[in-house]
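Asker: can't give you the sequence, but here's the structure:
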Ligand SMILES: Nc1ncnc2c1ncn2[C@@H]1O[C@H](COP(=O)(O)OP(=O)(O)OP(=O)(O)O)[C@@H](O)[C@H]1O
Ligand SMILES: [Mg+2]
């Protein structure tokens, strides 16, 4: 658990972070979202003491971080940044292995860990491991950055726009991987982004920041349904928040389940259990139909989604 | 086989043609009655007769044919041919000496003419082109250079070339030559080593304290702007006074002239490129990389030793390379204040109008600079992630 109590950071006269209180429960993903310069990175960097705070208190599992040794503190906090900051003179494998090396793991354990992480992030343990950072594509470099943050098996992950400079498709696939990894590992994560869709997708709770303050701290659904101010309303986009709300839920929660899985009828389109309601609605509009069958991973029909029901949820 | 090796090469025929014209037009060598008097020049045909002229001309012809016809492995053949030709090039001078040197005169000697230098130069260019067509590795390139050097060394040691003016000048001063080599190397490398240590400290201070940057850079830049001769001269008076006042210094050989002022001036000149490159290299380590190092849990010391220094190293080595080449050249000038080294031969030769004595000083200076360049470039290349 990470607790920020009345934390303030000034740069000279300017206040970058203004007296914020924030509690991040163990195992949850807290996404800091807000426009450029609102103090997201500053907040994150105070948590691992890359920046000293001006006043206030930051506790990790009840202990004030200023009491800990900064290096030991950081070794237990994975850190990934937008510009990746990969060490250009080291291979991918050595980059990923840096924290295990600092932790003085035995070489074999470290190498196994590196191979495991390369596989986890969809990189080739054979060829990619020996490459140097400048031989990687932007997406691969950011994967390596995330792998490096995970390598020491830290309890806490700090991620500062780790998918920042990517095209929409690569970004989407990395977000999927992030969700998958999070389901597997359950790390306490602080994730910074200025992309509200990324925040809605990844967060268990979102902290909306503006001018150094936290305007609202709540679950994605609550943020969409009850934005605390005009600023938050603007950020989430008034126009399509209904669709965003639909995007938060999967088909499996809403469908009418068949008593027995059936052999699917050969229709034009069908849904997967893990598809979002937003996709379900879109497909219904496209096919101009009232219902759509839902298939499970093996391809058997397990239920039906009904348009009327679906529309009720959005309200 | 890549397509480019099948196409006729245009560079080599042009070079070969130029070599052909120049070697026939210019004097291959000169016969001098003694070391001062200007001698009589001989062209390729006069100097080496049908045999020499024929060999040279047919070699160039074969090179042109090989370069233009789509023969398999022609660049390998070319590189062997050109290397062998370059290695044995001094034999031309031996043939020349055999034919033209008057047997009765003990002082007569032969000098190397412009034609010979041109031939050597163009053969080297053709070899370079061939090696780049072959995409030869650094190791192959280095072996070729060593082979040619060994060839020339062996030729120079032969009895037949003992009448070569350059070798006569060397034979008269063999002891002085090896001493000059020692002095030249220790002065220039010593200056580079000392200034490297100083520059590293200064650059670190500048990195730590932004305030120091302008005054320190200003100071080392100012030293660079003083003409070298003036700086050597300026140091004579204060060092002379010092050594007069402290006999202990005099015992160490520190006087107004000699190695001490030379070393000081060389260090002063070496500081700017060294400090600038080291400072820039350390400052240009990307902020994100340093930040990531700290964020991973490295201590400041680990960040410096494992991240900043290795990332900066290629640029620092580049500074050392520039400085070393510059110091080797400047050490030649330092001979004017009695520092010794190869410059001594150059200035003596200029004084006596004996051009081959000048060559005896200039050639090894150039070779030292080239060798330093090659070694440090290789080192830098190795440190740069590919
Ligand atoms: N080292 C610094 N010196 C002075 N001011 C700084 C420094 N770092 C940040 N600031 C200021 O603090 C404020 C918050 O910066 P911060 O980097 O936390 O923003 P951010 O929310 O991460 O923005 P972005 O989305 O652009 O990364 C900005 O106004 C910035 O100018
Ligand atoms: Mg930021």
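Answerer: Ah, there it is. Note that the structure is predicted; figures quoted are calculated from it, not measured. Ligands and ions are numbered 1, 2, ... in the order given.

Asker: stretch A:42-61 - what's its average pLDDT?
Answerer: Stretch A:42-61 shows a mean pLDDT of 94.

Asker: just stretch A:172-180 next, same as before
Answerer: Rounded mean pLDDT across stretch A:172-180 is 85.

Asker: what are the contacting residues of that stretch?
Answerer: The contact list for stretch A:172-180 (CB atoms under 8 Å, 6 or more residues apart in numbering or on different chains) reads A:121, A:122, A:139, A:142, A:143, A:146, A:162, A:163, A:166, A:198, A:201, A:202. C-betas here are computed from N, CA, C, even on glycine.

Asker: chain neighbours aside, what residue packs nearest to the residue of the stretch 51-200 of chain A found nearest chain B?
Answerer: Here the stretch 51-200 of chain A gets closest to chain B at one residue, residue A:85, 3.0 Å apart by CB to the nearest CB. With sequence-adjacent residues excluded and distances taken as CB to CB, 6 or more residues apart in numbering or on different chains, residue A:85 is closest to residue B:292, at 3.0 Å.

Asker: mind checking which of the contacts of stretch A:172-180 land in helices?
Answerer: Counting by DSSP state H, the part of the contacts of stretch A:172-180 found in helices is A:139, A:142, A:143, A:146, A:198, A:201, A:202.

Asker: of these, which is the most crowded?
Answerer: residue A:143 (29 neighbours; other CB atoms under 10 Å in any protein chain shown).

Asker: which residues touch it?
Answerer: Residue A:143 touches A:121, A:122, A:123, A:174, counting by CB under 8 Å, 6+ apart.

Asker: low-confidence ranges in the chain?
Answerer: No chain in the question, so chain A it is. A:267-268, A:314-315 (pLDDT under 70).

Asker: hmm, I had chain B in mind actually
Answerer: Checking chain B against pLDDT under 70 turns up B:1-6, B:384-386.

Asker: who in it is up against chain A?
Answerer: B:286, B:288-289, B:291-299, B:302, B:307, B:310-311, B:385-386 (CB under 8 Å from any CB of the partner chain).

Asker: what subset of those is buried?
Answerer: Buried members of those, scored by 16 or more other CB atoms under 10 Å in any protein chain shown, are B:289, B:291-298, B:302, B:307, B:310-311, B:385.

Asker: wait, which of the residues you listed is closest to residue A:222?
Answerer: Using CB to CB, residue B:295 comes nearest to residue A:222 of these, at 31.8 Å.

Asker: what about the closest one, helix or strand, and which?
Answerer: helix B:287-296 (DSSP states H and E).

Asker: what separates that helix from the chain centre, distance-wise?
Answerer: Counting by CA atoms, centre = their mean, to the nearest Å, helix B:287-296 is centred 41 Å from the centre of its parent chain.

Asker: what sits against residue B:145?
Answerer: With CB under 8 Å, 6+ apart, residue B:145 has these contacts: residue B:374.

Asker: for it, phi and psi?
Answerer: Residue B:145 adopts backbone torsions of phi -60, psi -40, taken as degrees, to the nearest 10.

Asker: distance check, it against residue B:86.
Answerer: 10 Å (CB to CB, to the nearest Å).

Asker: just residue B:54 next, same as before
Answerer: 19 Å.

Asker: looking at the two, which is more packed in?
Answerer: residue B:86 (22 against 12).

Asker: you'd agree the more buried one is up against residue B:120?
Answerer: Yes: between residue B:86 and residue B:120 there is a contact under CB atoms under 8 Å: 7.0 Å.

Asker: pull the number of nearby residues for residue 301.
Answerer: Answering for chain A, as no chain was given. The burial count for residue A:301: 18, using other CB under 10 Å.

Asker: please go with chain B instead
Answerer: Neighbours around residue B:301, by other CB under 10 Å: 8.

Asker: can you tell me which residues contact the residue nearest to residue A:85?
Answerer: Residue B:292 neighbours (CB under 8 Å, 6+ apart): A:79, A:81, A:84, A:85, A:86, A:87.

Asker: any idea how far the residue in the stretch 101-250 of chain B that chain A sits nearest to is from residue B:255?
Answerer: Closest contact between the stretch 101-250 of chain B and chain A, by CB to the nearest CB, is at residue B:210 (16.4 Å). Note on residue B:210: its distance to residue B:255, by CB to CB, is 41 Å.

Asker: before we move on, back to that, could you dump the contacts of residue B:292 to a markdown table with distance to ligand 1?
Answerer: Converted to a markdown table, those look like this (distance: CB to the nearest ligand atom, whole Å):
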| residue | distance to ligand 1 |
| --- | --- |
| A:79 | 14 |
| A:81 | 10 |
| A:84 | 15 |
| A:85 | 14 |
| A:86 | 19 |
| A:87 | 22 |
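
Asker: thanks a lot, catch you later.
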